[in-house]
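coords please:
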Amino acid sequence: MTDLGSVLPEDPLRDDVEQFARAHRLAALSRALDSRPEFPWKEFRSMGKDQWLGLTLPPELGGRGLSLVRAGLALEEFGYRAGTTFAKLSLQPEFSSVIAAQGSEELRRRFALPLIRGEVLVGNQITEPRAGSDLSHLSTRVERKGERLRLSGVKSQAAFAADAQAAIVYAQTGSGTAAGISAFLVPQDLPGIERRVVEDLGERWMRRGTVTYSSVEIPDDHLIGQEGRGLDYLKVELTHERALLAAIYLGVARASWEETVHEAGERVVFDGPLSDQEAVAFPLVEDGTRLAAAWLYTERVLERLDRGDRADDGAAMSKWLATEVALTTLDHAIQFHGGRGYSKDLPHEQRWRDVRSGALAHGTSEVMHRVAARRRWPKPKRPARAPS
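Numbers count the residues shown, from 1 in each chain. Predicted coordinates:
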């Protein structure tokens, strides 16, 4: 039978992830954090100490400097061993890599290095109540008042709203268009910041929420990169993130698929194993094949990105494909475990809830299609107006 495990290349990183996950009981902790949401600071620091944070970031910053393909393998294994929780924690420095790529030496020293060591948590704040995937309509604004910068606006669906010590905030500094968006590093303990946590369906340990900025004074040197280039930086970051997230979701689904295949072979119904029932066996065979195919597609996209090729469309569709395949596989795991599958006794329902965020976060599934479609059918450039 074709399955994801049969096409994953051998890599000592996978064994290292397994040892780390077992030593720190990450699978059990991921389950506990679902019912008792809090940030796992102890494990986060351990991940930094053992260099599981910043997999693709340069060694001079404390990262491993891995290729995207090898980072994808490690993240798939984290997803397989402990769900999305610690896989996404491992990826958090990549989510904030704009600091390392575009930030000043001071910002790197104060935030990028400690993040990779697991000492500081940096969140990302992009979405607003009236601006999700269409970032050109961001209304949060930074204005100069004399020698000071003041930030005002509301960010919603912000990961780590309760726990991040700092956040990368994307805000308007120009005319109100996409070309006027800049990125700022904003400490979250400044006067004028109010944080409110919402209760999510899954990934509750992130304690996402709404962050309100009321004329918050931020240091002048906390602009990341050049003014007005925020979305340019974000697009590069998002492309890598989407392909790596695909690897995580496939790892999570692989765990449930293997457990369900075992269940189908052991559980007796109608005087034979459950696997004798074609209504169960055929979907499981298909799930294993789709998991393998989705990984091979994702791996090819990561290889293209490692070569420096433009692959924003491939990254978008790998995230879409992996999310869809993973959700179907997890739904079958719930179904074929019967009533227990629908209960919290087994991990499949939590995995489904956690992976469900993949169709929304870092660009919805609909936007992933839009990214790929725009690459295939670019918008024609409007002719320049003749001078009057």
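
show me where the stretch 1-150 of the chain has helices.
Remark: helices assigned in the stretch 1-150 of the chain by DSSP state H, counting those that start in this stretch are 4-7, 12-23, 26-35, 41-49, 68-95, 97-102, 105-107, 113-116.

Output those helices as TSV; include the columns mean neighbour count.
C-beta coordinates here come from the backbone N, C-alpha and C atoms, glycine included. Putting these into TSV (neighbours: other Cβ atoms under 10 Å) gives the following:
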stretch	mean neighbour count
helix 4-7	16
helix 12-23	16
helix 26-35	18
helix 41-49	17
helix 68-95	26
helix 97-102	22
helix 105-107	14
helix 113-116	23
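
Nearest to residue 145 among those helices would be which one?
Closest to residue 145 of those, according to Cβ to Cβ: helix 105-107, at 22.0 Å.

Let's test this: mean pLDDT of that closest one, rounded?
Averaging pLDDT along helix 105-107 gives 96.

Distance from the chain centre to it, please.
When distances are taken as Cα atoms, centre = their mean, to the nearest Å, helix 105-107 is centred 25 Å away from the chain's centroid.

coming back round to it: which one, of the helices of the stretch 1-150 of the chain, ends up nearest to residue 261?
Proximity to residue 261, assessed across the helices of the stretch 1-150 of the chain by Cβ to Cβ, is greatest for helix 4-7 (10.6 Å).

Pull the residues that contact that closest one.
Contact partners of helix 4-7, identified using Cβ atoms under 8 Å, 6 or more residues apart in numbering, comprise 250, 254, 257-258, 288, 291-292, 295-296.

With stretch 34-42 instead?
The contact list for stretch 34-42 (Cβ under 8 Å, 6+ apart) reads 29, 33, 85-86, 89, 121, 160, 162-163, 202, 204-205, 207, 344, 350.

For it, what is the distance to the chain centroid?
18 Å.

cool, and stretch 200-207?
With Cα atoms, centre = their mean, you get 13 Å for stretch 200-207.

If we go by neighbour counts, what in that stretch is buried?
200, 202-207 (16 or more other Cβ atoms under 10 Å).

Low-confidence stretches in this structure?
Applying pLDDT under 70 to the chain flags residues 1-2, 382-388.

can you do 50?
The model of the chain has no residue with pLDDT under 50.

Show me the longest helix that occurs in it.
Looking across the chain with DSSP state H, the single longest helix is helix 230-266.

and the angle from that one to helix 26-35?
110 degrees (axes from the mean of the first three to the mean of the last three Cα atoms, to 10 degrees).

what's in contact with the helix or strand immediately after helix 230-266 in the chain?
Sequence-wise, the next helix or strand downstream of helix 230-266 (DSSP states H and E) is strand 268-269. The set of residues external to strand 268-269 that reach it, using Cβ under 8 Å, 6+ apart, is 274, 277.

any chance you could map the helices in the stretch 201-350 of the chain?
Assignment of helices within the stretch 201-350 of the chain using DSSP H, counting those that start in this stretch yields the ranges 230-266, 278-306, 312-336, 348-356.

what would those helices look like in JSON lines with distance to residue 39?
Output for those, formatted as JSON lines (distance: least, Cβ to Cβ, whole Å):
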{"stretch": "helix 230-266", "distance to residue 39": "19"}
{"stretch": "helix 278-306", "distance to residue 39": "28"}
{"stretch": "helix 312-336", "distance to residue 39": "25"}
{"stretch": "helix 348-356", "distance to residue 39": "16"}
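
Which members of the buried residues of stretch 200-207 are the farthest-apart pair?
Maximum pairwise distance among these (Cβ to Cβ): 12.5 Å, between 202 and 207.

In three-state terms, label residue 380 for me.
What DSSP: H, G, I helix; E, B strand; the rest coil gives for residue 380 is coil.

could you measure it against residue 81, distance?
According to Cβ to Cβ, to the nearest Å, residue 380 stands 48 Å off from residue 81.

One more: residue 324?
Shown here: residue 324 relative to residue 81, a distance of 23 Å by Cβ to Cβ.

which ones are touching residue 213?
By Cβ under 8 Å, 6+ apart, the residues touching residue 213 are 140, 151-155, 169, 186, 192-193.

quick one: which of the residues you listed sit in helices?
Among the contacts of residue 213, no member lies in helices (by DSSP H).

which one among those gets closest to residue 235?
Nearest to residue 235 out of the contacts of residue 213 is residue 169 (Cβ to Cβ; 17.0 Å).

separation between the closest one and residue 245?
Relative to residue 245, residue 169 is positioned 22 Å away (Cβ to Cβ).

Show me which of these two is the more surrounded one.
residue 245 (31 against 28; other Cβ atoms under 10 Å).

Around residue 374, how many other residues sit close by?
13.

Is it in a helix, a strand, or coil?
Assigned by three-state DSSP, the conformation of residue 374 is helix.

do you know how far it is from residue 368?
Taking Cβ to Cβ, one finds residue 374 at 11 Å from residue 368.
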